[in-house]
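sequence unavailable; structure follows:
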């Protein structure tokens, strides 16, 4: 409860601070992303091209006029289906449509998260879902008018339907990923691997996903060519005009200029990160399919791990994602914390709190010199390695992952650094998630929410 209180406290504090800065609404503040989506939907409703800067600007100014323009933040590069599905909202005034989309996203994410937690054995499901929705990552998405909550509901809903033996519906629901396919493309691939070798269920899932995908592409087929041109132009600005990205490639911008690193899509550093991520996902997929260790894990555990780990790996590695997109890390974070946050305990919990406090004292407070802080961190790493089998420290990784994903994204809107530190938090979540998965599955499904009854009965003691 202490860690949960700290997380909620930081989140609520940032929400209050953010509200004081965005109300009353001003240009490039509240609903700034939704303004682009709404303008594109208005253009589609009028049978015009939303990828034309002139057409889009016309509808943007009609929706919510801004006195000045920032081209990089008034650009529509999503697939046409994104504008098509929002056309019904264009019958409402701009601010009413923004409220409706936000309410629908929050409701969908909240309901799906509650059911997801229940199937994973949680008893404090509503409190945990509420804490997730008031987190800074969630609120940032709501603040800008993004639909990450809808995507979270789609991924969670597809997982729920899959393990409740509704593969066709699961595939149809996961078709929502076409709103942001660049973030969620691993989900259907690894859900198929989780269902394998049940060919019947794989076939029905593939049928549902293919049907939804075909409908999504056909809904805006006339705009696919303009979309390709718009995407090509937009991609050239990644890593330069939008410095607050949350993938690991964005950290290259913190390197000295002489090193020649940038966050561009095709630079060696970015390609290396992507290659490592793909290798990691491929290795995980091979283990999922080939290892008998998964035989002792329930279907709930198999599907939840199979989807959440690769999606999280990609979120940490993708060259284009913002901190609000990291709401999609929630399923993995839930698995890391364990049923009813059972892994947040012992000396490891207090050690994680101490590490975060030391980070705060070193930066941004500046009360502890960085050489001293780095020395402490080095000694701590050596200590943790030496005591890696000590049961008293088992809560360290889970607590650190939770605290960092709650704290580091908060620094983005303050812009205290030229780059976002969210990638560091995402990387910690991924590393701890992979470690926890290895221990859960390799340790014969020791997690009470994920081990099969047979495995539990055979467990020592």
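Perfect, thanks for sending it. Quantities reported herein were computed from a predicted structural model and do not represent experimental measurements.

what stretches of the chain score poorly on pLDDT?
1-4, 6, 237-244, 254-264, 364, 412-418, 443-461 (pLDDT under 70).

now what about stretch 9-18, what contacts it?
131, 134-136, 139-140, 143, 406-407, 410, 413 (C-beta atoms under 8 Å, 6 or more residues apart in numbering). Just so you know, the C-beta spots here come from the backbone N, C-alpha and C atoms, and that holds for glycine as well.

so which of those comes closest to residue 437?
residue 406 (21.4 Å; C-beta to C-beta).

and the closest one, that one's in a strand?
No. Assignment of residue 406 by DSSP: H, G, I helix; E, B strand; the rest coil gives helix, placing it outside any strand.

tell me how far the helix or strand where residue 115 lies is from the chain's mean position?
Remark: residue 115 resides in helix 94-119, with elements defined by DSSP states H and E. Centroid separation between helix 94-119 and its chain, computed with C-alpha atoms, centre = their mean, to the nearest Å, is 16 Å.

next, the angle from the very next helix or strand once past it to helix 94-119.
Note on helix 94-119: by DSSP H and E, the next helix or strand toward the C-terminus is helix 125-133. For helix 125-133 against helix 94-119, the angle by axes from the mean of the first three to the mean of the last three C-alpha atoms, to 10 degrees is 140 degrees.

what packs against the helix or strand just after helix 125-133?
Remark: after helix 125-133, the chain's next helix or strand is helix 136-144, criterion DSSP H and E. Helix 136-144 sits against helix 2-22, helix 32-45, helix 94-119, helix 148-163, with contacts defined as 3 or more C-beta pairs under 8 Å, 6 or more residues apart in numbering; DSSP states H and E.

so which of those helices comes closest to residue 225?
Nearest to residue 225, of the helices and strands packed on helix 136-144 and by C-beta to C-beta, is helix 32-45 at 15.0 Å.

need the residues that contact the closest one.
Against helix 32-45 from outside (C-beta under 8 Å, 6+ apart): 49-50, 55-56, 59-60, 62-64, 73-76, 78, 80, 82-84, 86-87, 89-90, 94, 97-98, 101, 144-146, 220, 223.

circling back: out of the contacts of stretch 9-18, grab the one that's most surrounded.
residue 136 (28 neighbours; other C-beta atoms under 10 Å).

output the helices and strands packed on helix 136-144 as TSV; include the columns distance to residue 344.
What follows is the helices and strands packed on helix 136-144, written out as TSV (distance: least, C-beta to C-beta, whole Å):
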stretch	distance to residue 344
helix 2-22	5
helix 32-45	33
helix 94-119	15
helix 148-163	22
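
and of the ones you listed, who's closest to residue 232?
Here helix 32-45 is closest among these (C-beta to C-beta), at 17.5 Å.

buried ones among the contacts of helix 32-45?
With neighbours counted by 16 or more other C-beta atoms under 10 Å, the contacts of helix 32-45 contain buried members at 49-50, 55-56, 59-60, 63-64, 74-76, 78, 80, 82-84, 86-87, 89-90, 94, 97-98, 101, 144-146, 220, 223.

can you give me the helices for the stretch 351-461 of the chain?
Ranges of helices in the stretch 351-461 of the chain, per DSSP state H, counting those that start in this stretch, are 370-386, 396-407, 422-442, 453-458.

ok, the stretch 201-350 of the chain next?
Using DSSP H, counting those that start in this stretch, helices in the stretch 201-350 of the chain cover 224-235, 268-290, 299-317, 330-337, 346-362.

tabulate those helices in TSV, adding columns for mean neighbour count and distance to residue 122.
TSV is the format used below for these (neighbours: other C-beta atoms under 10 Å; distance: least, C-beta to C-beta, whole Å):
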stretch	mean neighbour count	distance to residue 122
helix 224-235	14	40
helix 268-290	16	24
helix 299-317	25	12
helix 330-337	25	8
helix 346-362	17	18
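
same list (the ones you listed) but as a markdown table, adding distance to residue 178.
Output for the helices of the stretch 201-350 of the chain, formatted as a markdown table (distance: least, C-beta to C-beta, whole Å):
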| stretch | distance to residue 178 |
| --- | --- |
| helix 224-235 | 12 |
| helix 268-290 | 20 |
| helix 299-317 | 15 |
| helix 330-337 | 19 |
| helix 346-362 | 37 |
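
out of the ones you listed, which gets nearest to residue 172?
helix 299-317 (16.0 Å).

ok, residue 183 - contacts?
151, 177, 311, 314-315, 318, 321, 325, 328.

ok, residue 84 touching residue 217?
No. Judged on C-beta atoms under 8 Å, residue 84 makes no contact with residue 217 at a distance of 10.7 Å.

wait, residue 436 touches residue 333, no?
No. Using C-beta under 8 Å, residue 436 is not in contact with residue 333, being 10.3 Å away.

still on that earlier bit, farthest-separated two in the contacts of stretch 9-18?
Pairwise distances across the contacts of stretch 9-18 peak at 20.2 Å for 131 and 413 (criterion: C-beta to C-beta).

what's around residue 107, how many residues?
Neighbours of residue 107 (other C-beta under 10 Å): 13.

distance of it relative to residue 33?
19 Å (C-beta to C-beta, to the nearest Å).

same question for residue 195.
Residue 195 is 34 Å from residue 33, by C-beta to C-beta.

more neighbours: which of the two?
residue 195 (24 against 17).

straight-line length of stretch 63-81, end to end?
Criterion C-alpha to C-alpha, to the nearest Å; first-to-last residue distance in stretch 63-81 is 20 Å.

let me redo that: stretch 335-351
21 Å.

isn't residue 100 right next to residue 88, touching?
No. Counting by C-beta under 8 Å, residue 100 does not reach residue 88; the two are 9.6 Å apart.

burial count for the spatially closest residue to residue 411 that is not a sequence neighbour?
Of all residues not flanking residue 411 in the chain, residue 421 sits nearest, at 5.7 Å (C-beta to C-beta, 6 or more residues apart in numbering). The number of residues packed near residue 421 is 23, by other C-beta under 10 Å.

count of neighbours near the spatially closest residue to residue 406 that is not a sequence neighbour?
Distance criterion C-beta to C-beta, 6+ apart; nearest residue to residue 406, sequence neighbours excluded, is residue 7 at 4.3 Å. Using other C-beta under 10 Å, residue 7 has 20 other residues around it.
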